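S.K.: Just need the structure, nothing else, for what follows:
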Amino acid sequence: MARSRSNTPRVGKSKDCNWLDELDKTIKVLSDRLTWSDLGYQGCPLFILTRYPKLGGFPRNFIDAETKHCEVQISEHPIARCATNGLGSHERKQLAALLLDTIEALKSYNTARRSARRVNKPAREPGRVRILNKKIEKSQAALQELADYAKALDIQDVTVVADACLKKLSVLPIGEPECYTLLKAMYRTPRDPVSRGMVHLYWFFHHGCGLEGREAEVRVGWIRNAFWKELGVSEVPVRPAYETGESRGCNAVHTAVLRFQEGTSPSIKR
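M.R.: Coordinates of the predicted model:
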């Protein structure tokens, strides 16, 4: 199949999902009847409270302290600080709040994914779980025999160690294989928040700050590379200036925005 001159992935049609525009419209119509908790569905409570300061129900001092610290981190980063060029003080504060929300979402995702992995593997291999339980039982019997033997000889060091091992083995949460099958339904791997986070940041820059689309892509890429890497998110190429055959922008952000539509995930066409 022939490729276009640009290396930007081509994606099947998907309507723009300008979540921030929809949120602004909701606030405009219902602001006198809403609190911050009513809008938590977007997964960015700090941003919502910062962008719409008239919403009540949450201590402002806490929000201001959190966002101020993040603002400093952005301003001191050699690359990410460029993402605030031309932004007003309230926009910089909103960016800090939204970044904190994306970081919290990534942390929650990583925790949930680890929990799901701990449950999913034993659920897939019940036979090995049964063997493991038998090995634990044999180990407990051997340790008990060791403790009793050492006790008869009045060798306390061995007795203490054996008793400590027995105590730890007795509280190991291994359980029966059937337990993991039930837990698997409770510990489902959540949706990766990386794409949603990029989309949220993109529309903040594009709609919230009035930046051109390609410029918004670049700034999202800078923020991602600067602050998400330590949470296990890979860096992505960013083109802050035109390159031969390539417009400035960030392919990863561009693709995420095109694909984003609640409940769908169109396949990428290359």
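S.K.: Low-confidence bits of the stretch 101-250 of the chain, can you list those?
M.R.: 172-175, 177-178, 180-189 (pLDDT under 70).
S.K.: and the closest residue to Leu106 other than its chain neighbours, how many residues sit next to it?
M.R.: Spatial nearest neighbour of Leu106, chain neighbours left out: Leu231 (4.4 Å); criterion: Cβ to Cβ, 6 or more residues apart in numbering. All C-beta atoms are positioned from the backbone trio N, CA, C, and that covers glycine. Using other Cβ atoms under 10 Å, Leu231 is surrounded by 14 other residues.
S.K.: again, but for Lys134
M.R.: Lys134 has 10 nearby residues by other Cβ under 10 Å.
S.K.: Quickly find the element holding it.
M.R.: Lys134 belongs to helix 126-152 when assigned by DSSP states H and E.
S.K.: CA atoms only: put stretch 220-238 into PDB for me.
M.R.: This file holds the C-alpha atoms of stretch 220-238, laid out as PDB (Å, rounded to 0.1, in the frame of the first residue of the first chain):
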ATOM      1  CA  VAL A 220       1.400  17.800  25.300                       C
ATOM      2  CA  GLY A 221       4.400  15.800  24.000                       C
ATOM      3  CA  TRP A 222       6.700  17.900  26.100                       C
ATOM      4  CA  ILE A 223       4.600  17.500  29.200                       C
ATOM      5  CA  ARG A 224       4.300  13.700  28.700                       C
ATOM      6  CA  ASN A 225       8.000  13.200  28.200                       C
ATOM      7  CA  ALA A 226       8.900  15.400  31.200                       C
ATOM      8  CA  PHE A 227       6.500  14.000  33.800                       C
ATOM      9  CA  TRP A 228       5.100  10.600  32.800                       C
ATOM     10  CA  LYS A 229       8.300   8.700  32.100                       C
ATOM     11  CA  GLU A 230       8.900   7.900  35.800                       C
ATOM     12  CA  LEU A 231       5.500   6.300  35.900                       C
ATOM     13  CA  GLY A 232       6.300   3.800  33.200                       C
ATOM     14  CA  VAL A 233       5.100   5.800  30.100                       C
ATOM     15  CA  SER A 234       7.500   5.800  27.200                       C
ATOM     16  CA  GLU A 235       8.800   9.000  25.700                       C
ATOM     17  CA  VAL A 236       7.500  10.000  22.300                       C
ATOM     18  CA  PRO A 237       9.100  12.000  19.400                       C
ATOM     19  CA  VAL A 238       8.100  15.700  19.400                       C
END
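S.K.: top helix in this structure by residue count?
M.R.: helix 89-124 (DSSP state H).
S.K.: now the angle between helix 126-152 and it, please.
M.R.: 80 degrees (axes from the mean of the first three to the mean of the last three Cα atoms, to 10 degrees).
S.K.: Could you list the buried residues of helix 89-124?
M.R.: Residues 91-103, 105-106, 109, 116, 119-120, 122-123 are the ones in helix 89-124 that count as buried (16 or more other Cβ atoms under 10 Å).
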